[in-house]
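> Coordinates for the following, if possible.
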Amino acid sequence: MSQKLLNLLTRAINSQPTKTGQNNEYMFWSPFVQHHKPKLQINIQTQKWHCWVSESGGHNFFQLFKKINAPQKYFDELRDIAGDTYYPKYEKTNEVKTLTLPKEFIPLWNGAERSPEYKNAMRYLKRRDITQREILKYGIGYCEEGLYRYRIIIPSYTNDGTLNYFVGRDYYGGSMKYKNPRVSKDVVGFESMIDWNQPVILCEGVFDAIAIKRNAIPLFGKTLPPQLLKRLVQHKVKKLYLILDSDAQKDSMKIVNKLKSYQIDVNMIVLKDKDPSELGFEKTINLIKQTKDSLSFSDIMKMKLGAR
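Predicted structure coming up:
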């Protein structure tokens, strides 16, 4: 059965395996990232798999095939080899779940209906130094009813205008500050506004990106999405600034190491107390200008030791 599974994986992943020093373990070219070495490790016996670059992984080949969107014939062959008990019957569908803004979404850029909630939402944005021009640029709105009631909605779009994510921020300062859609964060934030020929700035959240103003991509967290890494490599981005919140130094180092493995020069801005949205545009840009051109191996080791 092991040889049959190995042959199936070779065809499904479209990669020839390389035997490692461990029993039943092989390395494949990863379908999740572009890399100069095979980074997808698979154990034929346990069926565990892990990509050492994108951090994708799972406990069986059924999960792997779903992740790579494998053709139906490979699912059928997998069931024939492994048996119905281990793998449930799976039939792919052509249905694609499309993310949409909440049906209660009200745009804030036209000011047509100046309800009390409209004014409260605008007051919140004003406190965060977000201008009317930026409200229009980023398509910011809010909700008065529904699941995202009393929340500012900030959408993110792909280059072709498709909504790929949005953030819902409570403008009354409730205990649950953010409520976001239950979809993958493996997207390129604000992709429609990015000029890949210019230096790119990576930051943690949408308010940080808006405060930075120029070519900033929100990570929607503290990790580097595989799709974003793929775009950075595809567009051969050579100059990149990383500016995460002050409590995320360990996360920053993981991102730096990953980017360095693709020969991308990283300029890391170390924040002390405030994030970019709190610092504002001028102070954040000054920090970027004062940052050392690129992190050396020595710099990385010192920061690693300091983050412990």
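
> okay, stretch 173-188 in CSV with CA atoms only?
The C-alpha coordinates for stretch 173-188 follow below in CSV (Å, rounded to 0.1, in the frame of the first residue of the first chain):
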residue,chain,number,x,y,z
GLY,A,173,-15.3,50.0,22.8
GLY,A,174,-17.0,46.9,24.0
SER,A,175,-15.2,43.8,25.4
MET,A,176,-15.2,42.1,22.0
LYS,A,177,-13.3,44.8,20.0
TYR,A,178,-13.2,42.8,16.7
LYS,A,179,-15.7,40.6,15.0
ASN,A,180,-14.4,39.3,11.7
PRO,A,181,-15.9,36.9,9.1
ARG,A,182,-15.2,33.2,9.6
VAL,A,183,-13.1,32.8,6.5
SER,A,184,-9.4,32.2,5.9
LYS,A,185,-7.0,35.0,6.6
ASP,A,186,-4.7,33.6,3.9
VAL,A,187,-5.2,36.7,1.7
VAL,A,188,-3.3,39.8,0.7
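
> From the rest of the structure, what touches that stretch?
Applying C-beta atoms under 8 Å, 6 or more residues apart in numbering, the contact partners of stretch 173-188 are 97, 99, 147-148, 150-151, 156, 158, 164-170, 194, 217, 220-221, 225-228, 231. Using the backbone N, CA and C atoms, a C-beta is placed for each residue, glycine as well.

> hmm, try it at 6 Å
Contacts with stretch 173-188, where a contact means C-beta atoms under 6 Å, 6 or more residues apart in numbering, come from 99, 164-165, 167-170, 220, 225-228, 231.

> count of neighbours near residue 272?
Residue 272 has 7 neighbours, counted by other C-beta atoms under 10 Å.

> I'd like the distance between the closest residue to residue 13 other than its chain neighbours and residue 162.
Of all residues not flanking residue 13 in the chain, residue 28 sits nearest, at 5.3 Å (C-beta to C-beta, 6 or more residues apart in numbering). For residue 28, the distance to residue 162 (C-beta to C-beta, to the nearest Å) stands at 30 Å.

> circling back: so what pairs up with the residue nearest to residue 13 in the strands?
Beta-bridge pairing for residue 28 (DSSP bridges): residue 40.

> Quick one: residues contacting it.
13, 15, 17, 38, 40.

> Quick check: the first one vs residue 78, distance?
If I follow you right, that is residue 13. Residue 13 is 13 Å from residue 78, by C-beta to C-beta.

> With the second one instead?
Spatial separation of residue 15 from residue 78 under the definition C-beta to C-beta is 17 Å.

> so which pair among the contacts of residue 28 is furthest apart in space?
Using C-beta to C-beta, the two most remote members of these are 13 and 38, lying 10.3 Å apart.

> Between the two, which is the more surrounded one?
The neighbour comparison of residue 13 against residue 38 (other C-beta under 10 Å) goes to residue 13, with 21 against 17.

> circling back: between the contacts of residue 28, which is nearest residue 69?
For the contacts of residue 28, the nearest to residue 69 is residue 13 (11.8 Å; C-beta to C-beta).

> quick one: the strands in the protein?
Assigned by DSSP state E, the strands in the chain fall at 18-19, 25-28, 40-43, 49-51, 57-58, 105-107, 141-143, 151-157, 163-170, 200-203, 216-218, 239-243, 265-268.
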